[in-house]
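1. Got a predicted structure plus its sequence, pasted below:
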Amino acid sequence: MCPQPRILLDDLVFPEGPRWWTDRLLFSDMHAGRVRSVDLDGKMADVSDEISGHPSGLGFLPDGTLVIVSMQDRQLVTPAGTTLADLSEVCPAAANDMVIDRHGRMYVGNFGFDPFSGEPWCTTRLVCVEPDGRARRVGTELMFPNGMVITPDERTLLVAETPACKITAFDIHDDGDLGSPRTWADVPGLPDGICLDADGMLWVSCPMTGTFESPGPGAHFRIEQGGTVTARIDAEGFGATAVMLGGPDGDHLFLLEAKEADPSKIAGPGNGRIRVSKAPAAHAGWP
């Protein structure tokens with residue numbers, strides 16, 4: 001269904017949080033501490049100063065301001081390092097992915113625990129940040145909420161629950177609060193980054209297929225509501241970390257991948273890469 005992906009960049013540390021903006025793909029090279037961009041010819045440039053707290057989720061306010069999740073210090077910052085919101089009182093652990101709606105309201109996930117220190121798994125809640133920086137916890141307890149998208153009608157938030165191997169949906173209320181959770185789809189792996197296409201399908205990146213107890217190789221899936229898989233792109237020995245649709249017509253599929261996720265085991269550039277292919281349908285929703 002998708003042509004064989006070609007390598008766009010292959011000398012990254014850990015690519016995450018991809019967002020298409022104007023004529024380039026922006027992404028966090030998380031453990032390199034930089035937000036970077038790349039065009040369709042593979043020309044890369046740094047977008048941010050070094051972010052010592054490690055950049056993760058990205059998004060844009062209505063005026064075009066780039067917002068970056070600084071993971072370890074649990075802040076939302078600009079590329080120059082200006083703090084837009086401090087989430088340390090509402091995020092119990094490292095902040096992670098983010099989606100911003102067309103009004104500038106931000107939904108931010110967090111780990112809930114430290115996955116690399118041996119802490120036991122626990123649930124956590126999303127954080128809703130208003131455009132003026134006010135932050136509050138919303139929704140119900142989730143297991144490691146990761147990638148997020150908002151549907152084109154602006155009524156539903158989809159969240160990847162990584163260890164639960166599922167996509168969870170919430171109705172979005174007018175005040176930004178979230179309704180009761182429901183399962184949108186079970187996933188044949190541990191979902192990380194996600195994006196939505198114009199056919200109502202969800203692209204889902206899984207660092208591992210299967211489960212933690214019985215892991216398989218990383219892959220990107222195109223999934224219908226209900227869980228039917230309509231396409232699979234193997235990550236070829238990498239973990240699939242994130243996916244985004246973009247390009248001039250919104251139908252370029254960007255695949256972000258990394259060999260190793262544990263920061264203590266990452267040797268440096270060459271651990272991560274970005275590939276690109278053409279997709280059967282264009283981008284939809286937010287981001």
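-> Good, I have the coordinates.

2. Surely residue 58 is in a helix?
-> No - assessed with DSSP: H, G, I helix; E, B strand; the rest coil, residue 58 is strand; it does not lie in a helix.

3. For it, name its beta-bridge partners.
-> Per DSSP bridges, the residues bridged to residue 58 are residue 68.

4. Okay, it and residue 101: tell me how far apart.
-> 14 Å (CB to CB, to the nearest Å). Using the backbone N, CA and C atoms, a C-beta is placed for each residue, glycine as well.

5. The two: who's more crowded?
-> Using other CB atoms under 10 Å as the criterion, residue 58 and residue 101 rank with residue 58 on top: 26 against 19.

6. residue contacts, the more buried one?
-> Shown in contact with residue 58 (CB atoms under 8 Å, 6 or more residues apart in numbering): 17-19, 26-28, 35, 66-69, 98, 287.

7. change it to 10 Å
-> Residues near residue 58 by CB atoms under 10 Å, 6 or more residues apart in numbering: 16-19, 21, 26-28, 35, 47-48, 66-69, 79, 97-100, 287.

8. repeat for residue 230
-> 1, 199, 201, 221, 222, 223, 224, 280.

9. out of those, who has the most neighbours?
-> Going by other CB under 10 Å, residue 221 tops the contacts of residue 230 with 25 neighbours.

10. got the contact list for residue 83?
-> Applying CB under 10 Å, 6+ apart, we find residue 83 in contact with 70, 73, 75, 76, 77, 133.

11. I misspoke; the intended subject was residue 284.
-> By CB under 10 Å, 6+ apart, the neighbours of residue 284 are 149, 151, 152, 195, 196, 197, 198, 199, 200, 201, 245, 250.

12. List phi and psi for it.
-> Dihedral angles of residue 284 (phi, psi; degrees, to the nearest 10) stand at phi -150, psi 150.

13. Please tell me the pLDDT value assigned to it.
-> Note on residue 284: pLDDT of 98.

14. Just the pLDDT for the residue nearest to it when sequence neighbours are not counted.
-> The shortest distance from residue 284 to any non-neighbouring residue, by CB to CB, 6 or more residues apart in numbering, is to residue 198 (4.5 Å). Residue 198 carries a pLDDT value of 98.

15. Look at residue 198 and say how many residues are nearby.
-> Counted with other CB under 10 Å, residue 198 comes out at 16.
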